[in-house]
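Student: Structural data only, the sequence is not supplied:
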């Protein structure tokens, strides 16, 4: 049975991703910053008959928490097949470039960028033990620098000094990571789940968590001939499913 660790999986897209992967026969380690909330999510999935799941406490902005999660997971399995870096934060509701506080921007980067890097580095040894390891970095269409510089883009006015740059940085890290692992069985991709109705955006998005999670799952279960170093976004590249970086 293949194993997957999903960060920030106690609710919304992460939770639905866990559900869909359980339905596909994966064993899910459901990462949650709050272990009690993670256990509640696990209990809900088990009530649905999806039993191959357990919570893992992990705060991706806390080095000690990441190290503890790695130790805990290492006691449970010697192989991790999939890592889904899903945890993320938005930051302040308004993020003007000239007046946003540096502390707020750093806070967003700590979770959305540095947390992903540290989690990936912490679990890479377990991933290397898999014959077909997959890393999925959950990004946003708002991380596309190309589209942000295109006045005809539908989201062109949606600018911010913290969240959007953090996702652009995450995309850049994805490219560097995929390059470093290019001669291995790894598939490393960034996935934009789309503008989805979640707590993250006060349920303002038009998309469903089911469709959003399906996009993430698609990258998580890629076969050996699947692509790597791609920015998947059906919102920004509906013809190909690929967004410009």
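Tutor: Arrived safely. What you are looking at is a predicted structure, and each value in this text was computed from that prediction instead of being measured. Numbers count the residues shown, from 1 in each chain.

Student: residues contacting residue 122?
Tutor: Counting by Cβ atoms under 8 Å, 6 or more residues apart in numbering, residue 122 makes contact with 66-67, 69-70. From N, CA and C alone the C-beta is placed, and that goes for glycine too.

Student: what packs against the lengthiest helix in the chain?
Tutor: Taking DSSP state H as the criterion, the chain has its longest helix at helix 163-180. Judged by 3 or more Cβ pairs under 8 Å, 6 or more residues apart in numbering; DSSP states H and E, the packing partners of helix 163-180 are helix 102-109, helix 115-128, strand 134-138, strand 187-191.

Student: which among the contacts of residue 122 end up buried?
Tutor: 66, 69-70 (16 or more other Cβ atoms under 10 Å).

Student: how about the helices in this structure?
Tutor: 12-23, 35-47, 63-74, 102-109, 115-128, 145-148, 163-180, 209-220.

Student: The fourth one versus helix 163-180: what angle between them?
Tutor: It stands for helix 102-109. Relative orientation of helix 102-109 versus helix 163-180 (axes from the mean of the first three to the mean of the last three Cα atoms, to 10 degrees): 40 degrees.

Student: so how far is residue 236 from the most centrally placed residue in the chain?
Tutor: Nearest to the mean C-alpha position of the chain, by Cα atoms, centre = their mean, lies residue 86 at 2.5 Å. Separation of residue 86 from residue 236 (Cβ to Cβ, to the nearest Å): 19 Å.

Student: picking up where we left off before, wait, which of the contacts of residue 122 is closest to residue 172?
Tutor: Nearest to residue 172 among the contacts of residue 122: residue 66, at 21.0 Å, using Cβ to Cβ.

Student: Kindly compare burial across the helices of the chain and name the winner.
Tutor: By mean neighbour count, with neighbours taken as mean count of other Cβ atoms under 10 Å, helix 12-23 ranks first of those at a mean of 23.

Student: quick one, it and helix 35-47 angle?
Tutor: 40 degrees.

Student: Can you give the contact residues for helix 12-23?
Tutor: 4, 6-9, 28, 30-31, 41, 45, 48, 50, 52-53, 82, 84, 86-87, 138, 193, 196, 198-200, 209-210, 212-214, 216-217, 220-221.

Student: 7 Å instead, please
Tutor: With contact meaning Cβ atoms under 7 Å, 6 or more residues apart in numbering, helix 12-23 is reached by 4, 6, 8-9, 28, 30, 41, 45, 50, 52-53, 84, 86, 193, 196, 198-200, 209-210, 212-214, 216-217, 220.

Student: Could I get the contacting residues of the residue nearest to residue 112 when sequence neighbours are not counted?
Tutor: Counting by Cβ to Cβ, 6 or more residues apart in numbering, residue 112 lies nearest to residue 166, which is 3.9 Å off, once chain neighbours are set aside. Residue 166 makes contact with 108-109, 112-113, according to Cβ under 7 Å, 6+ apart.

Student: Show me where this protein dips below the pLDDT cut-off.
Tutor: For the chain, the stretches with pLDDT under 70 are 197-206, 237-239.

Student: quick one on the thing from earlier: give me the distance between the residue nearest to residue 112 and residue 104.
Tutor: Residue 166 is 11 Å from residue 104, by Cβ to Cβ.

Student: Who is residue 83 paired with across the strands?
Tutor: residue 5, residue 135 (DSSP bridges).

Student: State the number of residues packed around it.
Tutor: 29 (other Cβ atoms under 10 Å).

Student: Touching, it and residue 135? I think so.
Tutor: Yes. Contact criterion Cβ atoms under 7 Å: residue 83 and residue 135 qualify, at 5.1 Å.
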